[in-house]
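A.B. asks: no letters, just coordinates:
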Ligand SMILES: Nc1ncnc2c1ncn2[C@@H]1O[C@H](COP(=O)(O)OP(=O)(O)OP(=O)(O)O)[C@@H](O)[C@H]1O
Ligand SMILES: [Mg+2]
C-alpha cells in the first residue's frame, strides 16, 4: 500500500461491509481497486478465485488485468475474475443455461441480428426508423430488468403496449433459435438470481468479494445484479464519479449511487480529492467546466502537479485542415529528436463521433505516423467480416437461423429466396431450426432437386468445418474457413482489382487475429470467443498514436491529448440541444479533458460540408465556460501557419522524409 494517500488507504483497508468511493477524475479510484484486490488476496481474506472485479469495457478489463498482474503472482492473478458485467453474465449463463431453458452453445445476437428479427416480426413495410424505435423500447425494458409480462403491465401508451407485445414475440423467437441478445446477458442472470434462492446462494458463495469500477454508468439491471450477487452483507467496493456519467442514453442511471445508500444503511462513503494525473491548468479548466453542471456537493479536485502549458485552442478552416494541423503537431513534437521527445503512443486524439476519424486517419497515413483506431464496431460491420462471422456463428450454434440465412447465401451457391422460404415453412412445421431442417433427407425431398443438392453440399461442408472447430483454436479455424467456404474466392471475384482484393482480404486476416487475444481461446471455445468478440476491441496497440471516441476514452490517460470538433452541434451534439441533455454533453467534454496529463489541445472548424453544401460552424459554447487565462487561442491565419510550418521543417530533419512522402 506504499504510496497511497490516507483516504485511498482507508478505502483499501475497509473490507467488512459495503464501500462506495465517490471521487473525481484521476483521483486514483481505479488504483484503489487494483490495490484492494492485491490486499484482499495477500492478507488472506479471500482467495483470488472468489474475487470478481467488474469494469465497464473489455478494454478496461484488459488494462486492469495487466495492472493486477504486476502486483500479484501470475497464477494468482489469472485465478481472479476481471471482466465486464456482460462477460460475467455470460459466464453465469454458460453454467446455468439449463435452468433458463437454453441449450449448450447458445448464440448471442448482436444489434444487427436483433434488428433483422424485429423487422421480420413487425408488419411488412415497417420503416427502419420504426424498427429502431421499437428496438430501443425493448432494450430499455430489458435494461430496467423487466420481463415481457412486466413490460406489458408497465406500458402506459399504445406505443409502449405495442413494444411490450413485440418484446414477448421477440423472446419466443430467441428461444426458438436458442439465442440470447446482449441485454439478456444481464437480464437473464438477474432473473435467475432473484427468483431461485438456491442458485443465488451458490453464486454468493462462489463470489466472495465484488469490486466495480465506473459504477456511475451501470444501469438498473446491472445494479440489481450487483445487489443480488453481493447479498445483504454487501461485501463490495464500488468506485465512481457522477461527473463522468456519459451513458444515460444507454440506460445508465447515476441515481443508483444514491439508491445504494438507502439499500445499504451501513454503506461507508469515501471521497478522494487529490488528482494525480493532470497538470494544474488542465485540472483548472476541467473544474471550471464541470462547475456549470448543477451539483449537490461540488467536489474540488486539487493537484500537486506542475502548472503546465496553457491549453491550445485552435480555430481551423474545416475538418481536413484540423486533421492536418493535428498530424503536423504530433509529428513535430514526436520527432523533435531530443532525449525526452514523446513517443507516438503518448498521443491521443479524441472525437465525439466515429465518422470524425476519417480525415485524421488520412492525415496520419500521409505522414506515415503509426496510429491505432479503437472501437471495433466499424470493422465488424464490414460485409466480408459479417459473412465470415455468420459462418462462425453457425458452426458454434446449428440453431442460429440468422447466421444460417447469411452463410448459405455467402457466397451464392444457387439457393434462392423461394427455396429458403419453403425451407422455413418445413422447418417450422417440424419444430426444427433451418440448419437442422436442411440436414434432413425428408425435408430435402420436398424441395426442387437443384436447390436440395446445393443445400446438401452446404450442410456437408458446415459439418466438416464444425468437426475442425473441435480441434482447432478459433483463429486457425477462421483461416481455414475463409478458404473452404469459398468466401475468399467470391471476394476475389467481387473486387475490381488486386489492390481492392488485398485490402478486403486483410480484413479477413485481421478477423483471425482478433481471436488471438492475450487470453487465447482453446479449441471448442468458439461460442464464447464469438460472444465476446462483437463488443471487444482489437488487440493491444503498440507505440501508436491513439484515436478514439470520447466515450471510449473513459478511465484512460495520455500525456498529450487533442480533442477535435469542439463545435456547437457536435459537442454539444445537436440532438442533445433539442432534448435538453446539455449536462451529459458537458460531462463528456469533462471526461475528455481529464484524460490529459501534460498537454491539451481543443480545436474546432469554421466550416463543414453537409449534403454537398458548405455550412458555417460555431465554436462550442463550452469553450466560453473555460477560464481565459489558461487558454492560448490560435487562429486560422494562413501566413502565421505557413511560417510556423517552415520553422518546423527546419527544426526537424526527420520531416524531410514526410516532405518527400507528400
Ligand atoms: N497515491 C497516489 N500517488 C501517486 N500517483 C497516484 C496515486 N493514486 C493514483 N495515482 C496515479 O494517478 C493516475 C490516475 O489514477 P486512476 O486512473 O486510478 O484514477 P481514476 O480516479 O480511476 O480516474 P478516472 O476517473 O479517469 O477513471 C494514475 O496514473 C495513477 O497511477
Ligand atoms: Mg478509473
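C.D. replies: Here it is on my side, so go on. Being a predicted model, the structure only gives us computed values, none of them experimental. Ligands and ions are numbered 1, 2, ... in the order given.
A.B. asks: quick check: the gap between whichever residue of the stretch 251-400 of the chain sits closest to ligand 1 and residue 65.
C.D. replies: Residue of the stretch 251-400 of the chain nearest ligand 1, by CB to the nearest ligand atom: residue 276 (3.2 Å). Bear in mind the C-beta positions are built from the backbone N, C-alpha and C, glycine included. Using CB to CB, to the nearest Å, we find residue 276 at a distance of 22 Å from residue 65.
A.B. asks: again, but for residue 302
C.D. replies: Distance of residue 302 to residue 65, computed by CB to CB: 31 Å.
A.B. asks: neighbour count winner among the two?
C.D. replies: The residue with more neighbours, out of residue 302 and residue 65, is residue 65; 18 against 13, by other CB atoms under 10 Å.
A.B. asks: where does the prediction get shaky in the stretch 251-400 of the chain?
C.D. replies: Scanning the stretch 251-400 of the chain for pLDDT under 70 picks out 296-298, 337, 375-381.
A.B. asks: what does it put close to ligand 1?
C.D. replies: Counting by CB under 6 Å from any ligand atom, the stretch 251-400 of the chain comes close to ligand 1 at 276, 277.
A.B. asks: got the residues of this structure near ligand 1?
C.D. replies: Residues of the chain lying near ligand 1 (CB under 6 Å from any ligand atom): 3-5, 8, 25-31, 241, 244, 276-277, 555, 557, 594.
A.B. asks: filter those residues down to the buried ones, ChimeraX style.
C.D. replies: Applying 16 or more other CB atoms under 10 Å to these, the buried members can be selected in ChimeraX as follows:
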select :4,8,25,26,27,28,29,30,31,241,244,276,277,555,557,594
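A.B. asks: just the residues of the chain next to ligand 1 that are near ligand 2?
C.D. replies: 29, 30, 555 (CB under 5 Å from the ion).
A.B. asks: sketch out the low-pLDDT regions of this protein for me.
C.D. replies: Those would be 124-125, 296-298, 337, 375-381, 516-525, 528, 531-541, 636-662, if you go by pLDDT under 70 across the chain.
A.B. asks: re the thing from before, out of the ones next to ligand 2 among the residues of the chain next to ligand 1, which sit inside helices?
C.D. replies: The helices, defined by DSSP state H, take in 29, 30 from those.
A.B. asks: from the ones next to ligand 2 among the residues of the chain next to ligand 1, pick the one nearest ligand 2.
C.D. replies: Ranked by distance to ligand 2 (CB to the ion), these are led by residue 30 at 3.3 Å.
A.B. asks: what's the separation between that closest one and residue 277?
C.D. replies: Residue 30 is 11 Å from residue 277, by CB to CB.
A.B. asks: what does residue 115 give?
C.D. replies: For residue 115, the distance to residue 277 (CB to CB) stands at 40 Å.
A.B. asks: and residue 269, by the same measure?
C.D. replies: Distance, residue 269 to residue 277, using CB to CB: 22 Å.
A.B. asks: check residue 341 too.
C.D. replies: Applying CB to CB to residue 341 and residue 277 gives a distance of 21 Å.
A.B. asks: can you give me the helices in the stretch 1-150 of the chain?
C.D. replies: Along the stretch 1-150 of the chain, the stretches classed as helices by DSSP state H, counting those that start in this stretch are 6-13, 29-42, 58-71, 74-79, 85-96, 111-121, 128-143, 148-154.
A.B. asks: which among those is found nearest to residue 587?
C.D. replies: Smallest distance to residue 587 across the helices of the stretch 1-150 of the chain (CB to CB): 15.8 Å, for helix 29-42.
A.B. asks: list the buried residues of the closest one.
C.D. replies: 29-41.
A.B. asks: then stretch 294-303?
C.D. replies: If you call a residue buried by 16+ other CB under 10 Å, then stretch 294-303 has these buried ones: 299, 301, 303.
A.B. asks: sitting in helices, which of the residues you listed do you find?
C.D. replies: Secondary structure assignment by DSSP H places none of the buried residues of stretch 294-303 in helices.
A.B. asks: mind listing what's buried in the helix or strand containing residue 597?
C.D. replies: Assigned by DSSP states H and E, residue 597 belongs to strand 596-605. Residues 596, 597, 598, 599, 600, 601, 602, 603, 604, 605 are the ones in strand 596-605 that count as buried (16+ other CB under 10 Å).
A.B. asks: list just the nearest of these to ligand 2.
C.D. replies: Distances from ligand 2 to the buried residues of strand 596-605, taken by CB to the ion, are shortest for residue 597, at 13.9 Å.
A.B. asks: skip the chain neighbours and tell me the closest residue to the closest one.
C.D. replies: Nearest residue to residue 597, sequence neighbours excluded (CB to CB, 6 or more residues apart in numbering): residue 559, at 4.9 Å.
A.B. asks: okay, now the one you found: neighbour count?
C.D. replies: Residue 559 has 15 nearby residues by other CB under 10 Å.
A.B. asks: tell me the domain ranges of this structure?
C.D. replies: Using the TED database, the domains assigned to the chain come out as 6-91+187-272, 107-177, 308-370+543-660, 380-537.
A.B. asks: do stretch 55-70 and ligand 2 meet?
C.D. replies: No - Stretch 55-70 stays clear of ligand 2 (CB under 5 Å from the ion), getting no nearer than 7.9 Å.
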